[in-house]
Each structure stands twice: as C-alpha cells, then as structure tokens.
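Provided below are the primary sequence and the corresponding predicted coordinates.
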Amino acid sequence: MKGTFPIDKFQEIQTPFYYYDTNVLRQTLKTINEEAGKHEGFEVHYAVKANANPKVLNIICQAGLGADCVSGGEIQAAIKAGFPASKIVYAGVGKSDWEINLGLEKGIFCFNVESIPELEIINELAEKQNKIAQVCFRINPDVGAHTHANITTGLAENKFGIAMRDMEAVIEEAAKMKNIQFLGLHFHIGSQILDMGDFEALCNRINELQNQLEAHHIVVKNINVGGGLGIDYNHPNRQPIPNFKDYFDTYAKKLKLRDGQKLHFELGRAVVGQMGSLITKTLYIKQGTAKQFAIVDAGMTDLIRPALYQAYHKIENISSDEPVETYDVVGPICESSDVFGKAVDINKAHRGDLIALRSAGAYGEIMASQYNCRQLPKGYITEDF
Ligand code: LLP
C-alpha cells in the first residue's frame, strides 16, 4: 500500500518539497500522551532539532509537550511556536554567551550542562542578570546503543556529557555557586534505537548512579533520559506510529524513580519521522550500461541522510501503477554520494512522475543545505491543501 497523498494538489507545487501528514502527527502525539500518561511523573519534550517547521512545532506544542532545544535559534523557534519557557530544556556542549543569556532572560526550565567551565559561565551570566539558573548535568553513562556510529552519543569516547567519576565533584561544585540550582541528571545514549535492551541498560546505569548519589546525601529531583526511540523505516505505511508503549513501559519497569521524582524524555525522530515525505519529481529516466537511473529533482541537499549515514528511506512512485522496475534513484547534485537508493523496485517511472521518499519527517528539512546554490525545500502540512 502507498501512503495517502493529495496528489492532484501536489501537481501545482514546485518540487522538491516536504509533505507532513498531520493525521499521522496527531495520532502519534495522542499515543505519546496516552502511553506516557499511564506513568506518574513522566514528562515528554519534543527534540526541536528533528524538525523545526513552525506549523509542525505549533501542533506539537498544542498537544502539551515541552521542547528540548540545542541552540538559541531553537529556543526562539520554540517560544515563537507557543511553547512556554517553563517547559523548555536546553542542551549542547558548546553554548555561547548570547544563547545562555537568552535562556536566562526567557526563564527556561533547565540548562543541561556538559562541563564545569560551562557551569561557571552560566553562574556568571546568571549573576549579572540576577537570576538563578536551574541545571541538570549531562552524564555520559558509557552505554552503547545498537545504532549507526555517527548517532551513538553515550560512549566514553564521545564528546558529550560529564564522566561518571566526576559526577559528585561537579554537583558539589554547583552547590557552592550562588546562581545555580541543581535539579538533576541528564542522559542521551543515541538515536534510532529499536532494541529496548539499550534503554534498559541506561535504566540500570541510572539506578546505580542514584544509589551512589544517595550515599552522598545528594537529592535528585529530575531525571532526563534524552530521546532515541527509533522508527520503522521499512514500513512507514504499516507502522506509522512507533512503539511508545514498550518504550515508556521499559522505563516504568526498569528505572527506580524516587518519590516525587520527575522523569523527562526528549523524543525527536519518534514524534515526527513517520509523518513526513520528501516529494520529488522524476526528471529523466536514463539507461546506463548496467542499470537504469531515475534522476529526480531532489538531491542530498534536500535530504542528506542517505549520503551521510547510508540511511534507508522507502521510495515510492506515487504517480504510477505500472509494473515494478528496478532503478538507482539519484539526485542532480555533483557528488557521487547523491544517491537515494540503489536497485530500488518502484512502479515504472516516467518523466514528471512524483516520487515520495518516506519517513523523512525527522532530520530531513532541517538538515537541508544550499550547496550548489539550490533553494531550500519548503514544508507543507495536510491543512495547506
Ligand atoms: N536529546 C539529545 C541530547 C540529543 O542529542 C538528541 C538527538 C535527542 C534528544 C533526540 O533524539 P531522537 O529522539 O530524535 O533520536 N541527524 C541524525 C540524528 C542525530 C540525533 C542527534 N541527537 C539522523 O538523521 O539520524
């Protein structure tokens, strides 16, 4: 089965563009709220980095999620879309002064701090603004995730977070700073994780760390476990909604929350991945010596994931019902990595046919570039048609 697209309306629009199916998005958000809502103290934030399209942000904000930001620009985008500052968390290894100042001015909920030098600057800037900055420390839990090496973040060798052995020292340091209030711990082990065992390993590690902190009489109010839940790139039609039940149940079962503790999540891909498709037009069918190419008008500048991570996106010819043929689907960019799929079976393609690259709602539009002086792709939602 192919997705449901308003194909007639698509004909009038300049390709390539992103199409966001808001029925899928709303259903996803409903499932998140239902499944997280079953557990006391669970609070879900949306990782804005996955997709900051203003209309998409607005729908997510209306569903009541908080926002997880990694830059001043994302804080601005989140606030503009309506997220209350009190629901914004801000992470990142390299926060610049203006970004910290912005977070302080807006009164965001929490800075997820990744080093002592950063903590010192936050304290200094907070003092100048006469504010108290609430902070969580991002701890590197040294837990691997079974995912692509470029998107695993929780290993000792990664640049992220504070080493476990330094945890107490950092918390004690924070206690001495007048303009810092320690809230808790932050983690994130990687992205596109489908094996619940990886999240279990994180829970086990957090349980150990909590015991260790309690032995030092350190109270933790908040635990933030980051994001990382993956989506089914192979079956965007059959499994448009990720398995939030297993995900939240894993944390509820394995992580020993203390009385009154809040558990925060920062989900990106799982919220927006499946609602999005990159819609592109077939320019030429070219017969090579060994294979045939479908050359489309979208390139790696519009969706870089296949070139950057060898990521798979299901490709469908949404204009044709003719028998399937095999193509290398490639873009127009002057790079040999500008390939969306090799030996892909799609319905026989002709010039002008619309091709959908599915599951492209996360890390698609937001990672687009203007390389080759190309225009950035636009994003449309269902209600635009
Ligand atoms: N929290 C933190 C601290 C993160 O670094 C990330 C993602 C998230 C939450 C959200 O993770 P998610 O739920 O989306 O897995 N561009 C790559 C993915 C990079 C993810 C970076 N961090 C891709 O296209 O696969």
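The structure has been received and is ready for your questions. Numbering: from 1, shown residues only.

make it CA atoms for all contacts and neighbour counts henceforth
OK.

tell me who's in contact with the closest residue to Ile162 other than its chain neighbours.
Ranked by CA to CA, 6 or more residues apart in numbering and with sequence neighbours excluded, the top spatial neighbour of Ile162 is Ile139, at 4.7 Å. If you count contacts by CA atoms under 8 Å, 6 or more residues apart in numbering, Ile139 has them with Glu114, Gly161, Ile162, Ala163, Met164, Met167, Leu185, His186, Phe187.

so which of those are in helices?
When DSSP state H is applied, those are split such that Met167 fall in helices.

please spell out the PyMOL selection for the buried subset of the contacts of Ile139.
Typed into PyMOL, the line below selects the buried ones among the contacts of Ile139, using 16 or more other CA atoms under 10 Å:
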select buried, resi 114+161+162+163+167+185+186+187
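
out of the contacts of Ile139, who's nearest Glu99?
Glu114 (14.8 Å; CA to CA).

not counting sequence-adjacent ones, nearest residue to that closest one?
Gly161 (4.6 Å).

what's the burial count for the residue in the stretch 51-200 of the chain that the ligand sits nearest to?
Of all residues in the stretch 51-200 of the chain, the one sitting closest to the ligand is Ser191 (3.5 Å; CA to the nearest ligand atom). Here the number of neighbours of Ser191 (other CA atoms under 10 Å) works out to 25.

give me every residue that touches the nearest residue to it once chain neighbours are set aside.
Spatial nearest neighbour of Ser191, excluding adjacent residues (CA to CA, 6+ apart): Gly228 at 3.9 Å. The contact partners of Gly228, by CA under 8 Å, 6+ apart, come to His188, Ile189, Gly190, Ser191, Gln192, Ile193, Leu267, Gly268, Arg269, Ala270.

equivalent analysis for Gly107, please.
Taking CA under 8 Å, 6+ apart as the test, what Gly107 contacts is Ala85, Ser86.

and what of the one 5 residues further on?
Neighbour list for Asn112: Val89, Tyr90, Ala91, Gly92, Val135, Cys136, Phe137, Arg138, His186 [criterion: CA under 8 Å, 6+ apart].

which residue ranges of the stretch 101-250 of the chain form strands?
110-113, 133-140, 162-163, 180-186, 222-224 (DSSP state E, counting those that start in this stretch).

what does the last one contact?
I take that to be strand 222-224. Outside strand 222-224, the residues touching it (CA under 8 Å, 6+ apart) are Cys136, Leu183, Gly184, Leu185, His186, Phe187, Gln261, Lys262, Leu263, His264, Phe265, Glu266.

how about these in TSV, adding distance to Ile241?
Converted to TSV, the contacts of strand 222-224 look like this (distance: CA to CA, whole Å):
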residue	distance to Ile241
Cys136	30
Leu183	32
Gly184	31
Leu185	29
His186	26
Phe187	24
Gln261	28
Lys262	25
Leu263	22
His264	20
Phe265	17
Glu266	17
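
what about the stretch 1-150 of the chain, any weak spots by pLDDT?
1-3, 145-150 (pLDDT under 70).

quick check: residues of it near the ligand?
With the criterion set to CA under 6 Å from any ligand atom, the stretch 1-150 of the chain comes near the ligand through Ala47, Ala50.
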